[in-house]
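Engineer: Below: sequence and its predicted model.
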Amino acid sequence: MKKGIIIGIIVLLLVLISGSVYSVNEKEYAAVRQFGKIVAVKEEPGLQLKTPFIQNVQKISAAIKIYDIPASDVITKDKKSMIADNYVLWKVTEPTKYIQTLNALDDRALERIEAAVYNATKSVISSMTQDEIIAARGETLTRLITEKANSDIGSYGIVILQSQIKTLDLPDDNKEAVYERMISERQNIAASYTAEGSAEAQKIRNETDKETAIMKAEAMKQAAVLEAEGESRYMEILQEAYNTEEKADFYNFLRSLDAFKAAMSGPNKTIILDKDSELAKIIYGIS
């Protein structure tokens with residue numbers, strides 16, 4: 001009898017202990033509910049205590065989750081149709097709100113997230129032209145959509161960490177036409193740049209030719225001045241060298257010899273001289 005009572009007491013104690021202790025894991029919330037009302041939320045991992053039989057614990061994941069949203073059609077500001085395919089990273093940040101609004105059901109959360117991201121993507125894309133969207137693809141577009149989507153789901157205790165567009169493409173029925181138009185526009189831009197470059201190159205060539213002509217004219221002018229100065233100096237030197245009658249006669253004598261030497265070059269060695277010429281006097285030794 002006593003043994004049975006002791007065993008019963010031990011079993012009761014074990015039940016009480018097991019009903020009083022629970023554990024919280026990493027990346028997990030534990031909401032303690034008493035008569036259906038949330039009285040505490042535990043976030044720190046480890047063992048925790050609760051009132052047995054009266055309180056129960058609801059576990060909620062605090063991990064980051066990924067959700068691939070179905071692709072949807074969106075219209076740009078310049079009325080171009082595009083297909084956006086998003087995925088989101090999200091997590092529960094306020095477990096109490098999450099339980100009260102969505103009953104801690106991920107399926108309900110995903111419904112809200114999908115609607116918020118679709119509306120945010122549609123709103124952001126419709127405020128930008130196709131060229132602006134292409135230029136903003138990446139971090140800028142992700143930030144705008146994420147901020148807009150979070151403003152719509154703030155009351156559910158969840159947050160979208162990132163709403164990333166995996167692909168932003170054109171519908172198949174007009175993709176080829178748009179590509180051809182984009183190619184044509186890029187070719188026009190390239191032709192414009194080429195024309196501007198050619199015009200700038202011609203301008204540089206004209207300026208260079210002008211500067212070259214000015215420099216050449218200045219050089220020729222300077223050369224003419226130097227040549228004139230040289231001639232003037234040469235004449236001064238000659239004048240100084242032959243400023244007496246004896247020097248002048250000697251100069252004439254040298255010039256006559258030079259002329260005689262030049263006349264005797266070539267196959268014809270015959271020279272007809274006047275007897276009174278300087279060369280004749282030189283040949284005959286007449287002074």
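Structural biologist: That came in fine, so what should we check first? Residues are numbered from 1 along each chain as shown.
Engineer: Can you give me the neighbour number for residue 161?
Structural biologist: Neighbours of residue 161 under the rule other Cβ atoms under 10 Å: 15. Using the backbone N, CA and C atoms, a C-beta is placed for each residue, glycine as well.
Engineer: Kindly confirm whether my reading is correct that residue 122 touches residue 74.
Structural biologist: Yes - proximity of residue 122 to residue 74 meets the contact threshold set by Cβ atoms under 8 Å, at 5.2 Å.
Engineer: all strands for this protein, in order.
Structural biologist: For the chain, strands defined by DSSP state E occupy the ranges 21-24, 28-34, 37-42, 46-49, 55-61, 65-68, 72-75, 81-92, 158-169.
Engineer: Direction included, what does the third one pair up with?
Structural biologist: Here strand 37-42 has these sheet partners by DSSP bridges: strand 28-34 (antiparallel).
Engineer: hmm, who's touching the strand it pairs with?
Structural biologist: If you take Cβ atoms under 8 Å, 6 or more residues apart in numbering as the criterion, strand 28-34 is touched by 22, 24, 38-43, 45, 48, 50-51, 54-63, 92, 95-96, 99, 104.
Engineer: of those residues, buried ones?
Structural biologist: 22, 24, 41-42, 48, 50, 55-56, 60, 62, 92, 95, 99, 104 (16 or more other Cβ atoms under 10 Å).
Engineer: Out of those, which is nearest to residue 170?
Structural biologist: Residue 170 lies nearest to residue 92 out of the buried ones among the contacts of strand 28-34, by Cβ to Cβ, at 36.5 Å.
Engineer: gap between the two ends of stretch 72-81?
Structural biologist: Start to finish, the residues bounding stretch 72-81 are 10 Å apart (Cα to Cα, to the nearest Å).
Engineer: What residues sit buried inside that stretch?
Structural biologist: 74, 76, 80.
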